[in-house]
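Undergrad: Everything below, folded, please.
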Amino acid sequence: MSIIKIDMNSPEFQAELEKTIKFTDKVIKQFNWQYNPMAEINEGVQLGLARNKVMYNKRFCPCYMVEEVDGKFQSTDNRTCPCTIAIEKEIPEDGVCHCQIYCTPEYAEAKKLELGMESAVHQHSRGLTKEECQVLVNKKELDSDELESLLEARAIGMVDFKLVDVREHMEWQMGHIEGADKLIPTSSFFPTLDEAKLSKDENIIVYCHVGSRSAHCARILRDMGHTKIGNLSYGIVSYGGKIER
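TA: Below you'll find the predicted structure:
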């Protein structure tokens, strides 16, 4: 079967796209959902729905395959917008459908906050707000910019957490992240952890050389009942902030 090519600028397609946008507007209103704050996601899905309507006369989900069975077109998992599985499972449980065009108001608000936070963290365009700090410090995996921004925010009282180095003492002496609170070496993890007296409900961020030991220690801490554990994904070698030697 050759590739089906559709002229997106044709009057036929543009008319169908206009109908599709009105259709998704109606779905949003019917279920009290919201569009994803990332407009390019919504536009891409709307284009895909319009394309499928032109090709198959149904608004099949553009994220799934469409096959011809016994002379009729059907989508994998019966994914016709709005999908039953999105209505009954994905949006109630995850806050967003598979294609990510439809989401709950709570998910949309969190996504807006995340998008603003990413701009502040990675472009250093401004300081983080307290709300953004709280979202960031609760992440399970952090990168260098995120940790550096949190340390800056902690220094002025915007957020509170413990930064724990799980490398060995020799590595600590060679250089550790400025602002690290505790050294809990992996080789003597449990006895040193007892001495550190970390609370099970405080935010803790762990790091090592490249992120593997700290990821293992993060899992141990969670298994022990610590509920707010973050990991510096690629370790101190990825860290661009100040190193104390």
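
Undergrad: got a pLDDT number for H124?
TA: H124 carries a pLDDT value of 64.

Undergrad: Report the distance from whichever strand or helix holds E93 to the chain centre.
TA: According to DSSP states H and E, E93 maps onto helix 91-94. A distance of 15 Å separates the centroid of the chain from that of helix 91-94, by C-alpha atoms, centre = their mean, to the nearest Å.

Undergrad: Quick one: mean pLDDT over it.
TA: In this model, helix 91-94 has a mean pLDDT of 94.

Undergrad: ok, residues contacting whichever helix or strand comes after that helix?
TA: Under the assignment DSSP H and E, the closest C-terminal helix or strand after helix 91-94 is strand 102-103. Strand 102-103 is contacted by residues 24, 27-28, 31, 33-36, 82, 86, 91, 95-97, 111 when judged by C-beta atoms under 8 Å, 6 or more residues apart in numbering. The way it works is simple: take the backbone N, C-alpha and C, and place the C-beta from them, glycine included.

Undergrad: Can you tell me which of those residues is nearest V135?
TA: For the contacts of strand 102-103, the residue nearest V135 by C-beta to C-beta is K111; the value is 10.8 Å.

Undergrad: Give me the local confidence score for the closest one.
TA: So K111 comes in at 85 (pLDDT).

Undergrad: pull the helix or strand with minimum mean pLDDT from this protein.
TA: Scoring the helices and strands of the chain by mean pLDDT, DSSP states H and E places strand 66-69 at the bottom, with a mean of 80.

Undergrad: Pull up the pairing partners for it, direction included.
TA: Each strand that pairs with strand 66-69, with its direction, by DSSP bridges: strand 72-75 (antiparallel).

Undergrad: List the contacts of the helix or strand just after the strand it pairs with.
TA: As assigned by DSSP H and E, the chain's next helix or strand after strand 72-75 is helix 84-85. Contact with helix 84-85 is made by 77-79, 98, as judged by C-beta under 8 Å, 6+ apart.

Undergrad: what about 10 Å?
TA: Applying C-beta atoms under 10 Å, 6 or more residues apart in numbering, the contact partners of helix 84-85 are 61, 77-79, 90-91, 97-98.

Undergrad: and the least confident helix or strand of the chain, which residues are buried?
TA: Within strand 66-69, the residues that count as buried by 16 or more other C-beta atoms under 10 Å are V66.
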